[in-house]
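Chemist: Model the structure of this input:
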Amino acid sequence: MSKHTPEPLVVEDDESCLATYVMTKENQAVAQCSWTVAGIEKEEAQANAYLYAAAPDLLMALEAFLRAPHSGSSGPGYSTIEVTDFNLKVAIAAIDKAKKTL
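Modeler: This next block holds a predicted model:
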């Protein structure tokens, strides 16, 4: 699997193109979420763009949880992890970015 576009990714609207773009810090578009296409409203296109832009942060948060120390089991196929403040802050920040609540 190839490496994904490095973060940070930002979201920018372009009213002239009826689209919201996911951009790199070098101002290169990596995704375009058009509205009025196939009945997609602007708010839905923007929400999709924010979710795409948050993908690297969400991946990092999940990887941090998987690296958390495991202590015991809470049933077959399950284990208990020790969640640190860092894990929680990373996860909350990634979710907020995906939901555009930063």
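Chemist: Quick check: the spatially closest residue to Ser34 that is not a sequence neighbour vs Leu66, distance?
Modeler: The spatial neighbour of Ser34 that comes closest, neighbours along the chain excluded (C-beta to C-beta, 6 or more residues apart in numbering), is Ala19 at 4.5 Å. Where you see a C-beta, it was placed from the backbone N, CA and C, and this is true even at glycine. Distance, Ala19 to Leu66, using C-beta to C-beta, to the nearest Å: 35 Å.
Chemist: likewise Glu15?
Modeler: Taking C-beta to C-beta, one finds Glu15 at 41 Å from Leu66.
Chemist: correct me, but Glu41 touches Cys33?
Modeler: No. Contact criterion C-beta atoms under 8 Å: Glu41 and Cys33 do not qualify, at 11.1 Å.
Chemist: OK, contacts around Tyr52?
Modeler: Listed by C-beta atoms under 8 Å, 6 or more residues apart in numbering, the contact set of Tyr52 reads 9, 22, 30-31, 33.
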